[in-house]
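Student: model this:
(one chain, ligands or ions: 1)
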Amino acid sequence: MIKTPYINPFSNDAKEIVSKLGQVENLDKRNESLINIVQHTRGQNLDDAHNLPETFKQLALSRFEWSLFRKSSEASQKKYEYLFNPDIYEYDVVSFYLLCQAVAIRYGPDSHETKQVLDCEEDIISQRLEILKSEPNDFQSSLLRKALNQLIDTNSIYWTDLKDVLDLGKLDINELLLSNGKVIIEYEDFIEEYGHLIHNRDPRTMYEVTAGVNIKSKLLLGLIRVYTKKYIRTVHEMSKRMVEPNPIILELADNIKEVQQKAQSLKYAGPGSSQYIDDKPVNYEFEAFPPCVRKCLNGIKSGGRNDAIVLFLTPFVSYSRLCPGIFARQEQNIKLSDVDPSLEITHNEIIPMIYEAAQSCSPPLFKDQPQEKVNINSKLGFGMHTELKLEHEGETQWYTPMSCEKIKLHMPELCTPSVDCKKIGNPITYYNRKRRLMKKDKNKQVNDDGN
Ligand code: SF4
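Tutor: Numbers count the residues shown, from 1 in each chain. The predicted structure is shown next:
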């Protein structure tokens, strides 16, 4: 029997579990019942038994670890199967709230850590829903109905009620069945609205194709994210009035940081770090910029301003400052905040450099096309928004720098190759190679001067 807290930590049952928790000190004590569930989870790898969670706090950290490592071999070795055992729901709910409190109190609602906890919850619930797909459709649908109805009345939702969810960018309004502004979610509403139009087809199948489990799942994930964010913001505000936060929560916040750093070092431990192709922020070396970039930074005086600034310069300026070794990495699908968690470098150096180049165009790009600022944010991975905010990250991808071949094809006016352009296929490769050569020259100079 699957209980709603397993897929909705804001359900009434979940709140009851938390209210019955008792002493906070118990959060860091060995819990035999939790250990039993973890060890008896089907398929659980027990080779590394001493690393399995034995306390609420350890379980909270394990959830966070799974989310950060899930694409790496660590998670694929069935180390975290217990997270997908429905019997764990009571412990899971408490550990969810612990994680939220730790990031709310220590890092704040707009931090990178909060975003990672939001992603973590979405990933876990999403994976659970994926596993539930092996169950009959009716079962999934009624479980989702139960979970959703503790957040919103699924027989009476208007699209305007979903503004916060739609703003997340993961559920598109065009995916929703609307009737006079009302969102059709449940089967009985579907039949009432459209039943008379369906002939010679199975209405249930029609419902599943146009709404059904898929929309319910997306709605649930969106609402949980909105609720979690609100909860973290509330805890953060309340914590300002606290005399001293609970040391267990503070310790968990420190552990979160450690896991985050471990994940980063694993993620960025790629080949070539000794070859001057860094995968972490490095200061700009303007003398190493290729001719095309220099030309663009001086402003485009003819047509093609938009593509030059948005498609060509934005990826180059961002990657060359934050992760110039992007093409040497095995995993190239990274987020900008992985390398600039507070977005400080992005706001203080990258955006100003792009805007300055846009201003140098004739006519200045934003004068007649201010919407290009939104497109720049989009190419940095922050969706189609006027403001570049962490909460929108992931709605679009962080574009990698264009190859020389594409530049020559689509923006030939930018490419005026120098001798250093031989043997390279991308301006960022030019940049890395040139920096290496410049360093070598500098070392030689020092040695010569020393002799
Ligand atoms: S060859 Fe490549 S790096 Fe050199 S100017 Fe042309 S586009 Fe830029």
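Student: beyond the helix or strand where Ile351 lies, next helix or strand please.
Tutor: Element membership for Ile351 (DSSP states H and E) is helix 351-360. Next helix or strand after helix 351-360 toward the C-terminus (DSSP H and E): helix 365-368.
Student: state the mean pLDDT of the helix holding Ile351.
Tutor: Averaging pLDDT along helix 351-360 yields 94.
Student: stretch 263-283 now?
Tutor: On average, stretch 263-283 scores 60.
Student: use 47 as the first number for this chain going forward.
Tutor: Yes, from this point I'll number from 47; that puts the last item at stretch 309-329.
Student: and that stretch, how far apart are its ends?
Tutor: End-to-end distance of stretch 309-329: 23 Å, with Cα to Cα, to the nearest Å as the criterion.
Student: the spatially closest residue to Ser285 that is not a sequence neighbour: which element?
Tutor: Distances taken as Cβ to Cβ, 6 or more residues apart in numbering place Ile151 nearest to Ser285, at 4.4 Å, with adjacent residues excluded. To be clear about C-beta, it is placed using only N, CA and C from the backbone, and glycine gets the same treatment. Ile151 is part of helix 135-152, with elements assigned from DSSP H and E.
Student: I'd like to know how far the residue of the stretch 297-446 of the chain found nearest the ligand sits from Ala354.
Tutor: At 3.2 Å from the ligand, Cys338 is the closest residue in the stretch 297-446 of the chain, using Cβ to the nearest ligand atom. According to Cβ to Cβ, to the nearest Å, Cys338 and Ala354 sit 9 Å apart.
Student: also His431?
Tutor: Separation of His431 from Ala354 (Cβ to Cβ): 22 Å.
Student: neighbour-wise, which of these two wins?
Tutor: Counted by other Cβ atoms under 10 Å, His431 and Ala354 do not tie: Ala354 has more neighbours, with 26 against 17.
Student: next, the contact list for the more buried one, please.
Tutor: Applying Cβ atoms under 8 Å, 6 or more residues apart in numbering, we find Ala354 in contact with 342, 346, 407, 457, 460.
Student: what of Trp112?
Tutor: Shown in contact with Trp112 (Cβ under 8 Å, 6+ apart): 121, 126, 129, 166, 169-170.
Student: and if you look at Glu433?
Tutor: Residues counted as contacts of Glu433 (Cβ under 8 Å, 6+ apart) are Asn423.
Student: just say helix, strand or coil for it.
Tutor: Secondary structure, DSSP: H, G, I helix; E, B strand; the rest coil: Glu433 is coil.
Student: ok, back up a step: who touches the helix holding Ile397?
Tutor: 342-345, 351, 355, 359-360, 363, 410-412, 418, 422, 434.
Student: let's see 10 Å
Tutor: By Cβ atoms under 10 Å, 6 or more residues apart in numbering, the surrounding residues in contact with helix 397-406 are 330, 339, 341-347, 351-352, 354-356, 359-360, 362-364, 366-367, 389, 391-392, 410-413, 415, 418-419, 422-423, 425-426, 434.
Student: now do stretch 224-233
Tutor: Contacts of stretch 224-233 with the rest of the structure, by Cβ under 10 Å, 6+ apart, involve 184, 187, 190-191, 194-195, 198-208, 219, 222-223, 235-240, 249-250, 253-254, 256-258, 261-262, 265.
Student: circling back to that earlier point, can you pick the most crowded of the contacts of Ala354?
Tutor: When neighbours are counted by other Cβ under 10 Å, Cys342 leads the contacts of Ala354 with 26 neighbours.
Student: show the backbone phi and psi for that one.
Tutor: The phi/psi pair for Cys342 (degrees, to the nearest 10) reads phi -70, psi -40.
Student: residue contacts, it?
Tutor: 335-336, 351, 354-355, 358-359, 362-363, 400, 403-404, 406-407, 457, 460, 473.
Student: now Ile346
Tutor: 352-355, 358-359, 403-404, 406-408, 411, 457, 459-460.
Student: that one falls within a helix, correct?
Tutor: No. The assignment for Ile346, made by three-state DSSP, is coil rather than a helix.
Student: which bits of this protein sit near the ligand?
Tutor: With Cβ under 6 Å from any ligand atom as the criterion, the chain comes near the ligand at residues 336-338, 450, 453, 461-463, 467, 473, 476.
Student: and with 8 Å instead?
Tutor: 336-339, 449-450, 453-454, 460-464, 466-467, 470-473, 476 (Cβ under 8 Å from any ligand atom).
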